[in-house]
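Asks: mind folding the following:
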Amino acid sequence: ALAYVLFATCKNGASYVVAEIFFALGRIGFKLFQQIFLADTTTLVNRAIWSTLPNAISGVPSSYAGSYIQDAFLENSSWRWAYGSFAIILGVCTIPLTITMLIVDHKAKAKGVRKSPKVLQNLPKGSIWAKAKHLLIYELDVIGGVLLVFGIALFFIPFTLTGKQAPYRWSEGRLIAMIVIGFLIIVGFITWNAMSKHKPFKGRIPFIPPQSLSYTTIIITLIMVALDACENSTFNTYFSTVLQVGGYYTAGQATRIDNAKKISIDIASVITGVLMKFTHRTKVFVLVGVPVLIIGHGLLVWFMNRDGVMERTILLYVMEIFTGVGRALYQCSLQVTIQGIAGVGGIAMSTGFFLAFSMVGSLIGNAIAGGIWNELLLDKLQKYLPIEEKKNATKIYKSINVALKYKKGSIERIAISRAYRETIQIIGYTALGTI
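Replies: Purely as a prediction, here's the structure:
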């Protein structure tokens, strides 16, 4: 809710970045809390059902209702009030959950069943500094955590600074330097993490238990998660834009087409969870899900510019549903698999890695899409636009609003639409290759 308030009131780039940070902390924190709560209250065989059911119940109606609300705000109000309204809605909706958790915590404390955190149970006797050193170095491995955070931040920040908005910035030396330094720090973290049984600070608990990465299944799962996020992010970065410019859809209509995938993921995930409960199998859903996604995504990309036009709306919906069902089949299976290997005690760490690899894949996907878009779209606009309009190619490339101002059916709009559709096809096939 605080992040939405900051979004609504931000007046410069710095305040927007702060809002994004609060939004990320809140979103990831809630997801971790949700998974830990479910791990404590459900068995592994029911985990998939209960992990996906809340999203399905809330996501299906809100996805389509949200698109109409979006159009209403754009037409009758402002984007600031859009953020502000949802800050109020989210704040009010969290009150029952907060009160419930406080009541449960109070009852547990009164009955004496509330346990202190495990890391505080083995503190040595002595001064506060000795206890703090033991907690931070031996129990929490703050040094390893700092190395990992700084390494990942330096390595991947250049992807966020380029990505969709400014792929041309890859020529800047400071971005290359950040990647190199970040990579070296990550190598340093891996070395530090592997030396937990050696001096200095012998006997500390490593930030990432080495044995957790010794399972081939975990490594393969995390790689698949990253590749899946990369594929989805690469194509989706400009999908809505192309639907509006190349397919003549409104912003709301484009959102509803894109939401067909999200809704199918929500519904198919619950069904997958039920099937996993009764079959006690996970691998088969991965083996089925990936081909289904490839078929759906491949045909969707083809339909974006089939014989010089975008296919009918119903076919776009069908392919989005295929893509969503395929993604639900293997995503649900992968998450339960990694949680099963990690155990209840490792839910937070395994979920954190699952989300981290997903975000890393998304960042790389944004960079890929931005690079292709920047390299091809402007050239295609210069190629297809009438001679008298070529001077406006850069303006059209930089702003969707400029592109939408050209009347449907005009020579200029036909040229613009063709350039957009051909570019998204190349992006789409590239994304398909990653998965």
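
Asks: what pLDDT is listed against residue 83?
Replies: Reported pLDDT at residue 83 in the predicted model: 85.

Asks: my guess is it contacts residue 1, does it?
Replies: No: between residue 83 and residue 1 there is no contact under C-beta atoms under 8 Å: 10.4 Å. Every C-beta, even on glycine, is put in place using the N, C-alpha and C of the backbone.

Asks: mind checking the longest helix of this protein?
Replies: Longest helix in the chain, counting residues (DSSP state H): helix 347-384.

Asks: chain center to that helix: distance?
Replies: Helix 347-384 sits 10 Å away from the centroid of its parent chain (C-alpha atoms, centre = their mean, to the nearest Å).

Asks: what packs against that helix?
Replies: Applying 3 or more C-beta pairs under 8 Å, 6 or more residues apart in numbering; DSSP states H and E, we find helix 347-384 packed against helix 13-41, helix 142-161, helix 216-246, helix 313-342, helix 393-398, helix 411-434.

Asks: how far away is the residue nearest the centre of the chain from residue 202?
Replies: Nearest residue to the geometric centre of the chain (C-alpha atoms, centre = their mean): residue 359, 5.0 Å. Residue 359 sits 34 Å away from residue 202, going by C-beta to C-beta, to the nearest Å.

Asks: likewise for residue 307?
Replies: 68 Å.

Asks: ok, these two, which is more surrounded?
Replies: residue 202 (10 against 5; other C-beta atoms under 10 Å).

Asks: now the more buried one: closest residue in space that isn't a chain neighbour?
Replies: residue 196 (8.0 Å; C-beta to C-beta, 6 or more residues apart in numbering).

Asks: dihedrals phi and psi, that neighbour?
Replies: phi -70, psi -20 (degrees, to the nearest 10).

Asks: number of residues surrounding it?
Replies: 19.

Asks: before we move on, what about residue 271?
Replies: Neighbours of residue 271 under the rule other C-beta under 10 Å: 16.

Asks: check which helix or strand covers it.
Replies: helix 251-279 (DSSP states H and E).

Asks: packing partners for that helix?
Replies: helix 44-76, helix 216-246, helix 283-303, helix 313-342.

Asks: quick one: closest of those helices to residue 7.
Replies: Residue 7 lies closest, by C-beta to C-beta, to one member of the helices and strands packed on helix 251-279: helix 44-76, at 13.1 Å.

Asks: buried set for that closest one?
Replies: 47-53, 55-56, 59-60, 63, 66-67, 70, 73 (16 or more other C-beta atoms under 10 Å).

Asks: can you tell me the closest non-neighbouring residue to residue 264?
Replies: Residue 264 sits nearest to residue 324 (C-beta to C-beta, 6+ apart), 3.1 Å away.

Asks: these two touch, right, the one you found and residue 268?
Replies: Yes: when contacts are counted by C-beta under 8 Å, residue 324 is listed as touching residue 268 (6.5 Å).

Asks: residue 232 and residue 12, how far apart?
Replies: In terms of C-beta to C-beta, residue 232 sits 31 Å off from residue 12.

Asks: compare those two and say which is more crowded by neighbours.
Replies: The residue with more neighbours, out of residue 232 and residue 12, is residue 232; 23 against 7, by other C-beta under 10 Å.

Asks: please consider this matter closed, and thank you.
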